[in-house]
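[1] Fold the stuff below for me.
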Amino acid sequence: MQPDPVFFQDLAIVFLAAVAGGVLARLAGQPLILGYVLGGIAIGPFTPGPIISGSHTFDLFAEIGVILLMFSIGLEFSVKDLMGVKWVALAGGPLGILMAIGLAVVTGSLIGWSMTQSIVIGAVISIASTMVLARMLVDRGELRTKHGRVMIGIALVEDVAVVAMTVLMPALGEFDSGRLLVIGQALAKALLILVPVGYLGTKVIPPIMTHVARTQNQELFLLVTLAISLGTAAVTQMIGLSLALGAFLAGLIISASGYGHETLARLLSLRDAFVALFFVTIGILIDPRVIINNLSLLVTMVGLIVGGMFVIWTAVVRLFGYSWTTAFLAGIGLTQIGEFSFVLVQVAKAAGHIGEEVYNATLAASVITILMNAALVRYVPGWFVQRRLDHTPHE
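    Reported below is the predicted structural model:
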């Protein structure tokens, strides 16, 4: 089969954009994510300079980046970590989503949005990017902190909630018992498949990992772990759940087998390469002209995500008995949207509930809030902790 020279040319451009953006971000003392996104904007079809012929292939590479990152997060986590935040995740996650939709409905009634558009925007702004969040926590070494565990727990529940919202979205304004039945069937099917998968993961995977580890063949060990992560992600996607959730579960399974650290050490370089592609791909999608043409809508959405969701998540986490510091840090970390917001807005657009302006504004709001979130996570927590210390009475 003759190789496609255009594909390899595009691949080289994408990696060069990632390298250039990453180097500039490093020199400026900013998170690498920022550089990757700006590198993607630079090679996108809406800005002058080198342009790739098509981004669909790189969307697939980006999906692999999502799987590998969430798999590695699962390797570093444990079931005990998740059980420690189960209530704020299982109850607080849906509560925060409902509050976000309510906030958007109130805002929309004040500025003239239709009820349907308000509900769509509320759903879109309620789903923080697990991918972005996990990357930020890993870079800062905060994955297993109290606020890190709370944020990951909430984000994973949001990922599951996307399934229900995707089913409900086309039927906005015409809810009926049949639609609720579809959701119930989807969730029941998910349980029927995930429970056996979980059982096999705890009983079958550990002996397999032990046997492979005894061969002392690093290549075989890496291939087996990749097969487990990609296979579990594929199973969850088949039942209507997200690839990210399946990859995370696979990481938890291998972590429980006792080979988590060994797997992570072999996976890091491969993971980081594909994660860079993910963020470059986000940048490629952005049309800077959208920021000018739909400025008021974009500003409103960014305000709801950064200001509104900060208040909502801080209040929700505090409601479940966590300290103000943990609630504040969790609220800061969840002030962005990403890949699953894209899914919801695409479904709403296909159903005719929103126009191009909301779709494009969502893409732009995603990039802007990711960049703002990087700055907030970098600078605000230190300022907040210092203020708390300054106002603590000294003995």
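
[2] Could you pull up the residues touching Val317?
    88, 92, 150, 326-327, 330-331 (C-beta atoms under 8 Å, 6 or more residues apart in numbering). Glycine gets a C-beta too; all of them are placed from N, C-alpha and C.

[3] Could you identify the buried members of those residues?
    Buried subset of the contacts of Val317 (neighbour count, 16 or more other C-beta atoms under 10 Å): 88, 92, 150, 326-327, 330-331.

[4] Relative to Val343, which of those residues is nearest.
    Gly92 (22.1 Å; C-beta to C-beta).

[5] Just the ones of the contacts of Val317 in helices?
    Judged by DSSP state H, helices contain the following of the contacts of Val317: 88, 92, 150, 326-327, 330-331.

[6] does Gly258 count as helix, strand or coil?
    coil (DSSP: H, G, I helix; E, B strand; the rest coil).

[7] Phi, psi for it please.
    phi 90, psi 0 (degrees, to the nearest 10).

[8] what sits against the residue lying closest to it once chain neighbours are set aside?
    Once flanking residues are discounted, Gly258 sits nearest to Pro206: 7.3 Å by C-beta to C-beta, 6 or more residues apart in numbering. By C-beta under 8 Å, 6+ apart, Pro206 lies in contact with 256-258.

[9] are any of the residues you listed buried, and which?
    If we count by 16+ other C-beta under 10 Å, the contacts of Pro206 have these buried: 256-257.

[10] what's the following helix or strand after the helix or strand bottoming out on mean pLDDT in the chain?
    When each helix and strand of the chain is scored by mean pLDDT, DSSP states H and E, helix 177-203 comes last, with a mean of 65. Counting by DSSP states H and E, the next helix or strand C-terminal to helix 177-203 is helix 205-214.

[11] and the longest helix for the protein?
    The chain, longest helix under DSSP H: helix 356-390.

[12] ok so, going back, could you dump the contacts of Pro206 to a markdown table with pLDDT?
    Listed next are those as a markdown table, based on pLDDT from 0 to 100:
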| residue | pLDDT |
| --- | --- |
| Ala256 | 75 |
| Ser257 | 75 |
| Gly258 | 75 |
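
[13] what stretches of the stretch 201-350 of the chain score poorly on pLDDT?
    Across the stretch 201-350 of the chain, the ranges flagged by pLDDT under 70 are 201, 240-242.

[14] at 90 instead, please
    201-295, 325, 338-350 (pLDDT under 90).

[15] need the helices for the stretch 101-250 of the chain, in chain order.
    115-125, 130-140, 146-168, 177-203, 205-214, 218-238, 243-256 (DSSP state H, counting those that start in this stretch).

[16] so which of those helices comes closest to Leu16?
    helix 130-140 (20.9 Å).

[17] burial of the nearest residue to Gly231 once chain neighbours are set aside, as a residue count?
    Once flanking residues are discounted, Gly231 sits nearest to Ala250: 7.7 Å by C-beta to C-beta, 6+ apart. Residues lying near Ala250 (other C-beta atoms under 10 Å) number 29.

[18] Verify the stated contact: Ala250 with Ser72.
    No - contact between Ala250 and Ser72 fails when scored by C-beta atoms under 8 Å: they sit 10.4 Å apart.

[19] ok so, going back, what's the angle between the longest helix of the chain and helix 115-125?
    With axes from the mean of the first three to the mean of the last three C-alpha atoms, to 10 degrees applied, the angle from helix 356-390 to helix 115-125 works out at 50 degrees.

[20] Quick one: list the elements packing against helix 356-390.
    Under the contact definition 3 or more C-beta pairs under 8 Å, 6 or more residues apart in numbering; DSSP states H and E, helix 356-390 sits against helix 32-42, helix 115-125, helix 130-140, helix 260-285, helix 288-293, helix 295-303, helix 324-333, helix 339-350.

[21] same for the shortest one, what does it pack against?
    Meaning helix 288-293. helix 356-390.

[22] and the helix it packs on, which residues are buried?
    358-371, 373-374, 376-378, 381.

[23] How about stretch 155-170?
    Here stretch 155-170 shows 155-169 as buried, counting by 16+ other C-beta under 10 Å.

[24] closest to Gly321 among those?
    Val157 (17.6 Å).

[25] Could you pull up the residues touching the closest one?
    Going by C-beta under 8 Å, 6+ apart, Val157 touches 89-90, 93-94.

[26] how does it look with 6 Å?
    Residues in contact with Val157 (C-beta atoms under 6 Å, 6 or more residues apart in numbering) are 89, 93.

[27] Relative to Leu230, how far out is it?
    23 Å (C-beta to C-beta, to the nearest Å).

[28] Val345 now?
    27 Å.

[29] The two: which is more packed in?
    More crowded of Val345 and Leu230, by other C-beta under 10 Å: Val345, with 26 against 18.

[30] Isn't that one up against Gly122?
    No - look at Val345 against Gly122 with C-beta atoms under 6 Å: they stay out of range, at 11.8 Å.

[31] Out of the helices of the stretch 101-250 of the chain, which gets nearest to Lys349?
    helix 115-125 (8.9 Å).

[32] Show me what that closest one is packed against.
    helix 92-111, helix 339-350 (3 or more C-beta pairs under 6 Å, 6 or more residues apart in numbering; DSSP states H and E).

[33] Serialize these to TSV and add fields for distance to Gln117.
    Formatted as TSV, the helices and strands packed on helix 115-125 follow (distance: least, C-beta to C-beta, whole Å):
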stretch	distance to Gln117
helix 92-111	6
helix 339-350	9
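
[34] Could you point out which of these sits nearest Ala18?
    Of these, nearest to Ala18 by C-beta to C-beta is helix 339-350, at 17.7 Å.

[35] can you list contacts of that closest one?
    So helix 339-350 is contacted by 120, 123-124, 127, 129, 131, 162, 165-166, 169, 354, 359, 362 (C-beta under 6 Å, 6+ apart).

[36] Mind listing what's buried along that helix?
    339-345, 347-349.

[37] quick one: which of those residues is nearest Gly102?
    Leu344 (16.7 Å).

[38] just to revisit the earlier point, among the contacts of helix 339-350, which has the minimum pLDDT value?
    On pLDDT alone, Thr166 ranks lowest of those, at 72.
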